[in-house]
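K.L.:
any chance you could fold what I've pasted below:
(2 chains)
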Amino acid sequence: MNFKTLLMGATCAVGLALSPLSALAQNAGGNLVYLVQPEPPSLASFLSTSGPIGLVAPKIYDGLFEYDNDLQIVPSLAESYEVSDDGKTITFTLREGVQWHDGAPFTSADVQFTVMEVLKQVHPRGPNSFREVTSIDTPDDYTAVFNLANPAPYMLRALSSYESPMVPKHLLEGTDLRASDLATNPVGTGPFTFVEWRKGQYVRLDRNENYWKPGEPLLERVVGRFIPDASTRTAALENGEVMYGAYGAIPNIDAVRLREQDGFSVTTDGYSMINPMALIEFNTTKPPFDNPAMRRAVSLVMDRQFLIDNIWFGYGKPATSALSSSFDKVGLYKAGLPNYPANGDLEAAIKQLDDAGILPDANGVRANVTLDLIPYGEDWRRAGEYMKQAMKPLGIEVELRYEDVPTWLNRIYAEYDFEMNVNFFYQLPDPVLGVHRHYGTDQIRQGTHFVNASRYSNPELDALLAAGAQEPDPIKRGEIYGEIQTILANDMPVANLFEMEFLTVYNDKLVNHATSALGAYGSFSEASITE
Amino acid sequence: MQFWRLFSRNRSAVMGMFILIAIFLMAISAPLFFPADPFSLAGQSMSPPGANGFLLGSDSLGRDVAAGIAHGAKTSLLIGLLATLVAVFVGVIMGALAGYYGGVIDNLLMRTTEMFQTIPSFLFAILLVAIMKPSIESIVIAIAVVSWPAVARLVRGEFLSLRNREFVQACHTLGMGDVRIMLGEILPNCLSPIIVIGSLMVATAILIESGLAFLGLGDPNIMSWGFQIGAGRTLLRSAWWVCTFPGIAILLTVLAINLVGEGLNDALNPRLRDRS
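P.N.:
Model prediction:
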């Protein structure tokens, strides 16, 4: 049976390779065919942060800002901004002469409507990003004044086209946002206009002739292809039918093979906005992981480099703190913390347990635990199998549990019926947006996914998190986050494993596609195809 | 010894039996030759066969493929036999009741059997394991649930044809109870087809187990051949040995069981006795 499956896969690959769309990628005029995996549920990026929406919608919508690869602000719909001395008023000066794809002018009323009526209401992360915004004044068409209850410096990192797309007030006002026609027929101000979405096949976008950036976009047309089978996607890239695949569309094992071939490249650029982190969540409310020594011991024994080398084919960086080292660019990351050895330290882990009085029984067993695994594919199973072996010499006997996605989500985030759980989180461009949700007492939200399931609660840390969120001075803010990371390295409610590196695999004919921190979630407006 | 004479007339059946015995020995002796946990990270990952002390190579985490095959043999045989025993047990009871009593009971039981038979068995097994947590027990139950209807139908047919024979009527006249007639008189007379179908079911059960493990629905804490193939599938283009050897192991085992089953059929089926 297994052999038959293989044969069928090969037949499909050959069949698709011969389909007529292959011609599109060859055009000198610059038509880009890229992989969108999986097919998005809608194109309503103002309603959902689902990954594949991000692969398409930011080509159609603009944000107030973009961010370069060092996470520095680049003007987009907002030409400039000014923060008042107390940090509670932010004034944006908007670009003049920008038009929606239907010809209507873009004004400050659109900004006010988008933030107050759309993002703050129906966007998954918007209520958090804009939680301090109490009102937005529009003294004229090209000025938007954000009034904040408290300073919110992190908000300036959440204004990209992916995170906070500006949507047209004249098409959305007074309609049911969740049932909007814009979900399948989007109208934005971005470099490409929506043309057609053929379900199960592709979504096609054409150049916006009235785009506000002079000379851009360079590409004539952008087509996102949906190909469900991984080996067929790889084959499509290899034979030139598509030119670009990001966010794991091409499996790592194929990526490392293509890297060696002429005409293809692999990059990890374009993910600094996302900051994915692989980690273990511990249930801190019941034995054995209510004891911080147990949690530290598990973190100590993990050979993070082994996981990266053997399961993720060398792509990733061992974690060294609660924050990703990419926050070093903004001065928030603290290096040199204890309990994060890159290659695992069995002796230190054993000492940790011995000192805490957690001693082995006659069979050398200190604890029996169940390890839940995120059901997102084979890599995570391999990781679990490795961890089980790694914890054995420590006297921790592990049983692995691998369930389907809804059961697993329910077990971890609603029932809290787990001991330790392997998972990954997006840390996003600011800790307030992506990291606080792990640790804050106010983030123990039963039934909400991807928040504080460890149910770790520490008033001292809560105070520091609140202070860190509001501190406008970068130096002081860095000090606060330094303290936060020191506490977390010791308490270890979550043991970070490694900073994941997603791979973008592309045909060398495609250039300038990773010019912003958003990468595949960006606009492609500077990308072009050379012959 | 007449049985052995008839069985050994089928050369391939004898060969199958020897392969099967070898696999049994391998399963029993696995802890002797490979005392370590087959999941243990034994050394350099992705070693080709023969290199770094790995007879059949190692997988992406440096686990010994040979150790996996030896320990996996136990899993495959155990699940195959257990699932078959459960399925035969349930199937015989259902079939015997239906065939012996006929009428309403027969109707009721056979409609139930048909309901099970209309569902594609592998998909049904996937569904059952996905609903229960993947573990040895749930896999045995799932395989048994999809396998018993065939036994039930076979046993019913045998009982139907035997229940009106003279010797059964003689038992009735002697005042024997129904249970005693079913177990003591009719069942022994239809044992041979049950043995043959049972032996073939072991092979099917091993295949279903491997298929489930390949799809990631095996017990994650137990080594099995299907798991090895599933885990090595992505490496096929760079490390062929990780799934090739377990694949050969499944092929040989299933082939051997089928050959033995064929041999048993030859030896036990009176109509085939004079076939040469």
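K.L.:
how about the residue of the stretch 401-531 of chain A found nearest chain B, what does it touch?
P.N.:
As assessed by C-beta to the nearest C-beta, chain B sits closest to A:Y402 within the stretch 401-531 of chain A, at 5.2 Å. Just so you know, the C-beta spots here come from the backbone N, C-alpha and C atoms, and that holds for glycine as well. Applying C-beta atoms under 8 Å, 6 or more residues apart in numbering or on different chains to A:Y402 gives the contacts A:D372, A:L373, A:P375, A:R381, A:G384, B:P134, B:G216, B:P220.
K.L.:
run the last query once more with 6 Å
P.N.:
Contact partners of A:Y402, counting by C-beta atoms under 6 Å, 6 or more residues apart in numbering or on different chains, are A:L373, B:P220.
K.L.:
and it, its phi and psi?
P.N.:
The phi/psi pair for A:Y402 (degrees, to the nearest 10) reads phi -130, psi 110.
K.L.:
distance of it from B:K74?
P.N.:
Applying C-beta to C-beta, to the nearest Å, the value for A:Y402 to B:K74 is 22 Å.
K.L.:
what of A:K286?
P.N.:
Distance from A:K286 to B:K74, by C-beta to C-beta: 35 Å.
K.L.:
higher neighbour count, the two?
P.N.:
Remark: of A:K286 and B:K74, B:K74 carries more neighbours, 20 against 13, as counted by other C-beta atoms under 10 Å in any protein chain shown.
K.L.:
check whether the more buried one really touches B:A27, as I assumed.
P.N.:
Yes - here B:K74 reaches B:A27: they are 4.2 Å apart, a contact under C-beta atoms under 6 Å.
K.L.:
pLDDT weak spots in the chain?
P.N.:
You didn't say which chain, so I picked chain A. Residues of chain A meeting the criterion pLDDT under 70: A:1-29.
K.L.:
wrong one, I was asking about chain B
P.N.:
Using pLDDT under 70, chain B drops low at B:1, B:272-276.
K.L.:
apart from its neighbours in sequence, what residue is nearest the most centrally placed residue in it?
P.N.:
Nearest to the geometric centre of chain B sits B:V202, at 1.5 Å (C-alpha atoms, centre = their mean). Counting by C-beta to C-beta, 6 or more residues apart in numbering or on different chains, B:V202 lies nearest to B:G80, which is 4.3 Å off, once chain neighbours are set aside.
K.L.:
measure that neighbour to chain A for me?
P.N.:
16 Å (C-beta to the nearest C-beta, to the nearest Å).
K.L.:
can you tell me the element that residue falls in?
P.N.:
Following DSSP states H and E, one finds B:G80 within helix B:65-101.
K.L.:
and the helices in the stretch 201-350 of chain A, which stretches?
P.N.:
A:230-238, A:252-259, A:292-301, A:304-311, A:346-355 (DSSP state H, counting those that start in this stretch).
K.L.:
next secondary structure after the last one?
P.N.:
What that stands for is helix A:346-355. Counting by DSSP H and E, what follows helix A:346-355 is strand A:367-373.
K.L.:
does chain B sit close to that next one?
P.N.:
No - with C-beta under 6 Å from any C-beta of the partner chain as the criterion, chain B is not reached by strand A:367-373; the gap is at least 7.8 Å.
K.L.:
off-centre distance for stretch A:479-492?
P.N.:
23 Å (C-alpha atoms, centre = their mean, to the nearest Å).
K.L.:
and for stretch A:370-385?
P.N.:
Centre-to-centre, stretch A:370-385 and its host chain are 20 Å apart (C-alpha atoms, centre = their mean).
K.L.:
any idea how far A:F306 is from A:N423?
P.N.:
A:F306 is 19 Å from A:N423, by C-beta to C-beta.
K.L.:
so where do the helices sit in chain B?
P.N.:
B:2-8, B:11-33, B:65-101, B:103-118, B:121-131, B:136-162, B:166-174, B:178-180, B:187-189, B:191-214, B:225-232, B:241-268 (DSSP state H).
K.L.:
okay, these, which one's buried deepest?
P.N.:
helix B:225-232 (a mean of 26; mean count of other C-beta atoms under 10 Å in any protein chain shown).
K.L.:
ok, back up a step: of all the helices of chain B, which lies closest to A:L71?
P.N.:
In this view, these are compared for proximity to A:L71 by C-beta to C-beta, and helix B:225-232 is the closest at 37.9 Å.
K.L.:
helices and strands around that closest one, which ones?
P.N.:
helix B:65-101, helix B:191-214, helix B:241-268 (3 or more C-beta pairs under 6 Å, 6 or more residues apart in numbering or on different chains; DSSP states H and E).
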